[in-house]
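> Got a sequence here, can you model it:
(chains A and B)
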Amino acid sequence: MTDAAPRFNFKGAAADAARTALVVLGLSVPIIALRTEQNMANELVLQPRWGLVAIFVAAAFAGRLLYLMLAARRAPRRTVREGSGLAARLPHNTGAIFARIGLAVLLLYPAIALLLAGQGGAVKWIDNFGVQILIYIMLGWGLNIVVGLAGLLDLGYVAFYAVGAYSTALLSKTFGLSFWLCLPLAGILAAFWGIILGFPVLRLRGDYLAIVTLAFGEIIRLVLINWVPVTNGYAGITGIARPTFFGIPFNANDNGFAAVFGLPFSPLYRLIFLFYLILALALLTNWVTLRLRRLPVGRAWEALREDEIACRALGINTTSTKLTAFAIGAGFGGFAGSFFAARQGFISPESFTFMESAVILAIVVLGGMGSQIGVAVAAVLMIGGTEILRELEWMKQIFGQGFDPTQYRMLMFGLAMVLIMIWRPRGLVSSREPSVFLSERRAVSGAHVREGHG
Amino acid sequence: MEYLLQQLINGVTLGSIYGLIAIGYTMVFGIIGMVNFAHGDVFMLSTFIALIFLLALTQIVGVPSLALALFVVLILGMVLTALWAWAIERTAYRPLRGSFRLAPLISAIGMSIFLSNFVQVTQGPRNKPSPSILGDVITLRQGETYTVAISYKQILIMVVTAVLLAAFWYVVQRTSLGRAQRACEQDRKMAALLGVDVDRTISLTFVIGAALAAVAGLMFMIYYGVVNFNDGFTPGVKAFTAAVLGGIGSLPGAVLGGLLIGLIETLWSAYFSIDYKDVASFLILAVVLIFMPSGLLGKPEVEKV
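Sure thing, here's the model as predicted:
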């Protein structure tokens, strides 16, 4: 054997690429090649689109060939151990520095948006990006308590988000309570529901727990749809009380925020206020989680995740440990739901589908379960990334006027979930800060952390 | 009495469809212990494949006989849906085998989101009404107030389901593929040591499950006469409920569970409330998993310390 790299077998690679192209042809034959359209007589007719299929097949061939060529060039690839990536080589306080920078950016974000995009453009950047992403960061951190710390796989987290949102809506509509009263009540009610739904599933483990929580989430949504006298069904609830600034509403009236402070009226004040509100709520979630991790209950959660049987043998009450995890996670979901209801002023069951639960869980797992920074990064990447697609007007110049990038939002989202999992099964941030250590706090690889039994 | 009889007929028809989808869930769970979340969307994709081929054959090719057209649609649908499942397993699940437990689950959820949105983008978000076929009914019993009737499509669904289940049963019980599959289910490592190609067997499990889902897809399209990109989730969860009710991992259990779920759903809608029929399925799912996790025909799981 010589040291020279083996010659690239072009023929074999081309045959491989041809096979790939053939599979892609098979996959796209009916679904892409023939589009069903309704004609004037309401009958379905087929529109052939063979050109599109040809593009896909050619792209598959070229892509596979390119991939094989690149793979052959770096064939003697060093084996990558998990956790030996960037994170492990950086000094251990990188996470803390990164978090500080991130926090500073977040605090200045509305000002930056105003400076860069002006009054008109900032609305979009603060509302669609800032507030939207922060809601998901908060939900991700809330679910991280259940999934990342206690290791209980919950696929119905959106139920608690829904409980929080509907509690706020119903309390403010029926009793005329203000947002600031509804917010804690919504959190308490959601936590209460976390305990109610947590009780029956205490004995379940693994995928079964995931499926039952999914079922509960769907039951709550179906009840919201069908219990029309209370929830108004699909039509939803409108006119939910908006958050006020120490009793001063954000409107154009004489007692509104702008008038009281002698400013010209602008919808921006309300948005900036909402931004800081959700930022505060999210940071509260994070702070509480970090504190809880050092308390006995937090350590019990992590012990439960590592080994439930050992946990029980050591005399930890697994029932109350699991229930507190469910309740506290649900409570934060309820806060987020309450904020969501007050921000929108309108809620309907459409916002609380299984897809939302899947997105929140995806953010937690993609970020790296149990890593607070990872969850935030994943939320920015996934939610921000899909929101960015709304902005790609220039693509219309390439693909023609009929091209609408927003259609591809969820398509890209699903694809990104699959690709990130294949690329990094342990999530984007693969190192963990241990909560207990002997002499020095040192990040460990995420691969050493169990994923729990639940 | 007549009303009940009619509901039983409807329930068995619906149950056949659920049973066919449930087999895909139960086989995959049995062999790699994973809930294949994308299976419901593979089923939805197969309804579209069936619809497009049916339209192509009747409008473009102009096949004179409906029976021939349906047969060709069935075969093509099974093959192409199986190809999709093979490609999905190959790209999204196989690289994650042996990785930690949540990774394939998230990958499957991502695939499910991708598939439903892919069909939405390529075929449009509207409901697609399929040409109504086999709508004629045979009157079975003329009651005083209510007439019991069975339509040709219901007969077709029951017959095709029964025939394909028999063929499938033969494959699993009598062929070397079925033996390899059952071996992998019991002990994957040992099966590999004894010369079973585990990767190929797992691929084939996905392929068979998808082919049966494609049969269900064609039946669903004929029965309801409308398909939509969103139709994957709810039938998927119900079929999964059926698999759990029958005992996950058990093939006869999946069929039995499917029939039971179909009957329960139909009777619940007929006698209680049609609004809450999906709640009934989800409640059964939760109650069975909590109180009877091994289902009706499943093996009880032994907890190892």
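
> got a list of what whatever residue of the stretch 51-200 of chain B ends up closest to chain A touches?
Among all residues of the stretch 51-200 of chain B, residue B:110 sits closest to chain A, at 2.8 Å; criterion: Cβ to the nearest Cβ. Placement of C-beta: from N, CA and C, glycine included. By Cβ atoms under 8 Å, 6 or more residues apart in numbering or on different chains, residue B:110 lies in contact with A:362, A:413, A:414, A:415, A:416, A:417, A:418, A:421, B:92.

> Which members of those residues occur in strands, if any?
Secondary structure from DSSP state E places none of the contacts of residue B:110 in strands.

> Quick check: phi and psi on residue A:178?
phi -80, psi 170 (degrees, to the nearest 10).

> quick one on the thing from earlier: would you agree the residue of the stretch 51-200 of chain B closest to chain A falls within a helix?
Yes - checked against DSSP: H, G, I helix; E, B strand; the rest coil, residue B:110 lies within a helix.

> Identify the residue spatially nearest to it, adjacent ones excluded.
Counting by Cβ to Cβ, 6 or more residues apart in numbering or on different chains, residue B:110 lies nearest to residue A:417, which is 2.8 Å off, once chain neighbours are set aside.

> Check residue B:204 too.
Distance criterion Cβ to Cβ, 6+ apart; nearest residue to residue B:204, sequence neighbours excluded, is residue B:177 at 6.2 Å.

> Give the full set of residues in contact with that neighbour.
Residue B:177 touches B:171, B:201, B:204, counting by Cβ under 8 Å, 6+ apart.

> ok, now how distant is the residue in chain A positioned nearest to chain B from residue B:164?
At 2.8 Å from chain B, residue A:417 is the closest residue in chain A, using Cβ to the nearest Cβ. Per Cβ to Cβ, to the nearest Å, residue A:417 is found 33 Å from residue B:164.

> Those two - which one has more neighbours?
Using other Cβ atoms under 10 Å in any protein chain shown, the more surrounded residue of residue A:417 and residue B:164 is residue A:417, with 27 against 19.

> average model confidence for the strand or helix carrying residue A:118?
In the assignment (DSSP states H and E), residue A:118 maps to helix A:94-124. Mean per-residue pLDDT for helix A:94-124: 77.

> Check stretch A:49-59 too.
Per-residue pLDDT over stretch A:49-59 has a mean of 84.

> how about that stretch as PDB, C-alpha atoms only?
Output in PDB follows, covering the C-alpha atoms of stretch A:49-59 (Å, rounded to 0.1, in the frame of the first residue of the first chain):
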ATOM      1  CA  ARG A  49     -45.000  19.600 -14.700                       C
ATOM      2  CA  TRP A  50     -42.400  17.400 -16.100                       C
ATOM      3  CA  GLY A  51     -39.900  20.300 -16.400                       C
ATOM      4  CA  LEU A  52     -39.900  20.600 -12.600                       C
ATOM      5  CA  VAL A  53     -39.300  16.800 -12.200                       C
ATOM      6  CA  ALA A  54     -36.300  17.100 -14.600                       C
ATOM      7  CA  ILE A  55     -34.800  19.800 -12.500                       C
ATOM      8  CA  PHE A  56     -35.200  17.800  -9.300                       C
ATOM      9  CA  VAL A  57     -33.700  14.700 -10.900                       C
ATOM     10  CA  ALA A  58     -30.800  16.600 -12.400                       C
ATOM     11  CA  ALA A  59     -30.200  18.300  -9.000                       C
END
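
> Show me the shaky parts of the stretch 201-350 of chain A.
Across the stretch 201-350 of chain A, nothing is flagged by pLDDT under 70.

> Around chain B, pick out the residues from it.
Contact residues, the stretch 201-350 of chain A versus chain B (Cβ under 8 Å from any Cβ of the partner chain): A:201, A:203-204, A:206-208, A:210-212, A:214-216, A:218-219, A:222-223, A:225-226, A:309.

> So which of the residues you listed belong to helices?
Counting by DSSP state H, the part of those found in helices is A:206-208, A:210-212, A:214-216, A:218-219, A:222-223, A:225-226, A:309.

> counting contacts, what elements does the longest helix seen in chain B pack onto?
Longest helix in chain B, counting residues (DSSP H): helix B:2-32. Applying 3 or more Cβ pairs under 8 Å, 6 or more residues apart in numbering or on different chains; DSSP states H and E, we find helix B:2-32 packed against helix B:39-55, strand B:137-142, strand B:147-151, helix B:152-174, helix B:176-186, helix B:198-224, helix B:233-246, helix B:251-271.

> Okay, buried residues for it please.
B:2, B:6-32 (16 or more other Cβ atoms under 10 Å in any protein chain shown).

> Give me the distance between the helix or strand of chain B with the lowest mean pLDDT and the centre of its chain.
One helix or strand of chain B scores below all others by mean pLDDT, DSSP states H and E: strand B:137-142, with a mean of 74. Using Cα atoms, centre = their mean, to the nearest Å, the mean C-alpha position of strand B:137-142 is found 29 Å from that of the whole chain.

> what lines up beside that strand in the sheet?
Paired with strand B:137-142 in the same sheet, following DSSP bridges, are strand B:147-151 (antiparallel).

> tilt between the strand it pairs with and helix B:198-224?
Angle of strand B:147-151 versus helix B:198-224, following axes from the mean of the first three to the mean of the last three Cα atoms, to 10 degrees, is 130 degrees.

> tell me the mean pLDDT over strand B:147-151?
Mean predicted lDDT for strand B:147-151 stands at 82.

> Stretch B:75-92 too?
92.

> what's that stretch in contact with?
Outside stretch B:75-92, the residues that touch it by Cβ under 8 Å, 6+ apart are A:23, A:26-27, A:29-30, A:418, A:422, B:38, B:42, B:45-46, B:49-50, B:53, B:107-108, B:110-111, B:202-203, B:206-211, B:213-215, B:217-218.

> go on, stretch B:164-173?
Under Cβ under 8 Å, 6+ apart, the answer for stretch B:164-173 is B:19, B:20, B:23, B:177, B:178, B:181, B:182, B:208, B:212, B:215, B:251, B:255.

> can you check stretch B:191-210 too?
B:23-25, B:27-28, B:31-32, B:36, B:39, B:42, B:46, B:81-82, B:84-86, B:88-90, B:93-94, B:97, B:168, B:171, B:177, B:180-181, B:183-184, B:188.

> Can you flag the buried ones in those residues?
Buried among those (16+ other Cβ under 10 Å): B:23-25, B:27-28, B:31-32, B:36, B:39, B:42, B:46, B:81-82, B:84-86, B:88-89, B:93-94, B:168, B:180-181, B:183-184, B:188.

> Low-confidence stretches in chain B?
Checking chain B against pLDDT under 70 turns up B:300-305.
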